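In: Sequence plus predicted model, see below.
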Amino acid sequence: MNPVSSSLTCIYLPARKRRSSRILHTCRFFAASAALVCGIAVFAAGQSPVPSDPKGKPAKPVPPDVIVFANGDQLTGKFLRSAGGNAVFHSDVAGDVTVSWDKVKEIHSASKFVVLQKGFQPGRKALPEHLPEGSLTVENKQIELSPTEGVPMQQIPLANVDYVIDQPTFDRELHQIPGLLSSWTGSATAGATLVEATQNTETFNGGFALVRVTPPVGWLSPSNRTLLGLQGSYGKITEPGTPTEKTAIYHAYAERDQYFSPRFYGLGQVAFDHNFSQSLDLQQIYGGGLGWTIVKQPKQTLDLKATLQYERQSFLNAISGENQDLIGSTFAASYVRKLPKGMVFNQVLEYLPAWNNMHAYSANETDSLNLPVYKRLSLSLGTVDTYINNPPVTTPPTKANSFQFIFGAAYTLPPPG
């Protein structure tokens with residue numbers, strides 16, 4: 001059969017056979033297309049993407065950063081930041097390495113950085129037109145920044161450097177506003193004691209202290225700060241044939257600070273206290289005032305606060321005249337000290353006079369020491385000393401002073417960022 005007759009034969013095939021032939025060819029076409037697509041995908045997956053600039057030309061690979069130590073050793077990786085006189089460098093071999101500037105001979109990085117000098121702490125709306133920025137080189141105890149073309153190189157002595165921040169982080173923290181549930185730091189503690197003998201004793205204590213600062217980085221002036229806390233202790237002693245003895249002490253507080261300058265702020269606060277040992281059913285405090293960060297250093301901070309407040313004291317089984325509505329103040333000092341090996345000491349001192357009843361004053365002292373154990377877990381030791389000058393008249397007499405020693409485990413929240 002010649003080609004012409006063969007073609008004619010195909011044309012005059014019955015309709016059912018022609019439809020079957022079209023279906024078969026269609027299936028073959030889709031199968032071949034799928035195989036081609038899979039082949040291209042497999043080939044592409046095995047290829048490394050080639051970066052390119054906006055003009056479509058392949059971009060040059062960015063070389064790794066290099067740090068040279070004073071003893072001649074060196075690492076390759078990525079220079080991350082500098083704060084408090086220390087440089088932080090990441091290496092795939094050694095991880096994050098923190099080293100003081102006096103032990104650094106050289107650093108070379110093609111990434112863009114911003115340098116903030118000592119004595120200058122910018123706010124979101126208080127930036128100068130030209131901050132020192134550019135690719136970074138550290139040599140001869142100086143930082144050299146190479147900005148864009150046409151801008152002269154800038155040299156800054158290391159002795160004048162406060163912070164070095166990479167450009168993407170600087171821009172992000174400068175413009176973003178953190179969400180309500182983000183940027184919280186602090187710790188939570190818990191402890192318990194159980195004794196089963198002639199007397200059965202149960203004691204539980206726990207609480208949390210949270211802080212949220214906006215912006216959450218130390219190199220920007222703070223805009224506001226929120227503090228939330230709860231500390232509680234509950235104990236019960238039972239013995240057959242005798243009344244149950246219990247102890248219940250709770251303290252909850254919230255404070256909102258709004259900064260007028262990097263160290264001066266206005267504040268509003270509420271606090272609630274219950275102390276069964278002092279016959280205090282509930283003490284409520286609502287007030288506002290001023291605060292001043294008198295010491296602000298990498299290893300320690302000290303805040304002084306003064307408020308004017310309304311205070312309501314309600315006592316258990318109180319007789320007429322013992323429950324009081326007071327107009328008073330809180331004068332407080334809050335101190336935080338970072339000790340060697342990750343230990344942290346906190347102390348809060350408070351004096352609460354009442355201006356409409358000078359005998360109804362009170363005072364509090366809280367001390368705590370966190371000792372790191374493993375990663376973010378630590379042991380917490382602390383004392384809480386509370387004094388009320390006007391406890392109610394009871395039988396036996398209610399002591400004016402309440403003292404607690406608290407021991408437990410603590411978990412520290414990771415820092416923001």
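Out: Structure's in. What do you need?
In: Now do V115 against H175, distance only.
Out: 19 Å (CB to CB, to the nearest Å). The C-beta positions use only the backbone N, C-alpha and C, and glycine is treated the same way.
In: who has more neighbours, these two?
Out: Shown here are V115 and H175; by other CB atoms under 10 Å, V115 has more neighbours (20 against 9).
In: Setting aside sequence neighbours, what's the nearest residue to the more buried one?
Out: P132 (4.4 Å; CB to CB, 6 or more residues apart in numbering).
In: In contact with that neighbour: list those residues for me.
Out: P132 is in contact with 114-115, 117, 145, 154, 156, counting by CB atoms under 8 Å, 6 or more residues apart in numbering.
In: let's see 7 Å
Out: 115, 145, 154, 156 (CB atoms under 7 Å, 6 or more residues apart in numbering).
In: wait, doesn't the second one sit right on E133?
Out: I take that to be L145. Yes: at 6.3 Å, L145 counts as touching E133 under the criterion of CB atoms under 7 Å.
In: Now do L194: how many residues are near it, please.
Out: So L194, with other CB under 10 Å, has 9 neighbours.
In: Low-confidence regions, the stretch 101-250 of the chain specifically.
Out: Scanning the stretch 101-250 of the chain for pLDDT under 70 picks out 121-130, 148-151.
In: all helices for it, in order.
Out: For the stretch 101-250 of the chain, applying DSSP state H, counting those that start in this stretch gives helices covering 167-175.
In: For V62, which non-adjacent residue is closest in space?
Out: Using CB to CB, 6+ apart, the nearest residue to V62 is A110, at 5.6 Å.
In: among the contacts of P132, which are in strands?
Out: Among these, the members found in strands (DSSP state E) are 115, 145, 154, 156.
In: so where do the strands sit in the stretch 251-400 of the chain?
Out: Secondary structure of the stretch 251-400 of the chain, counting by DSSP state E, counting those that start in this stretch: strands at 264-275, 280-296, 300-315, 324-338, 344-352, 362-374, 377-388.
In: Okay, now the sheet partners of the first one, with direction.
Out: Counting by DSSP bridges, the strands paired with strand 264-275 are strand 245-259 (antiparallel), strand 280-296 (antiparallel).
In: what angle separates the last one from strand 300-315?
Out: Meaning strand 280-296. Angle between the axes of strand 280-296 and strand 300-315 is 160 degrees (criterion: axes from the mean of the first three to the mean of the last three CA atoms, to 10 degrees).
In: Just want the angle from strand 280-296 to strand 362-374.
Out: 70 degrees.
In: roughly how far apart are the residue nearest to V115 and D166?
Out: P132 is 14 Å from D166, by CB to CB.
In: Distance check, G328 against H274.
Out: 19 Å.
In: Could you do Y163 as well?
Out: 44 Å.
In: between these two, who's got more neighbours?
Out: Comparing Y163 with H274 by other CB under 10 Å, the one with more neighbours is Y163, at 21 against 17.
In: List the residues that contact the more buried one.
Out: Per CB under 7 Å, 6+ apart, neighbours of Y163: 82-83, 116, 219.
In: swap the cut-off to 8 Å and go again
Out: 81-83, 115-116, 218-219.
In: just A410 next, same as before
Out: 187-189, 370, 377-380.
In: In PyMOL, select just the buried ones from these.
Out: Per 16 or more other CB atoms under 10 Å, the buried members of the contacts of A410 correspond to this PyMOL selection:
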select buried, resi 187+188+189+370+378+379+380
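In: any idea which of the contacts of A410 is closest to P64?
Out: Nearest to P64, judged by CB to CB, of these is L377 at 34.6 Å.
In: filter the contacts of Y163 to the buried ones?
Out: The buried subset of these (16+ other CB under 10 Å) comprises 81-83, 115-116, 219.
In: Would you reformat those as JSON lines and include distance to G229?
Out: Formatted as JSON lines, these follow (distance: CB to CB, whole Å):
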{"residue": "R81", "distance to G229": "30"}
{"residue": "S82", "distance to G229": "33"}
{"residue": "A83", "distance to G229": "27"}
{"residue": "V115", "distance to G229": "37"}
{"residue": "L116", "distance to G229": "32"}
{"residue": "W219", "distance to G229": "27"}
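In: P157 reaches Q142, doesn't it?
Out: Yes: contact criterion CB atoms under 8 Å: P157 and Q142 qualify, at 5.6 Å.
In: Between the two, which is the more surrounded one?
Out: Taking other CB under 10 Å, P157 and Q142 do not tie; Q142 has more neighbours (14 against 11).
In: Pull the contacting residues for the more buried one.
Out: So Q142 contacts 155-158 (CB under 8 Å, 6+ apart).
In: One more pass at 6 Å, please.
Out: 155, 157 (CB atoms under 6 Å, 6 or more residues apart in numbering).
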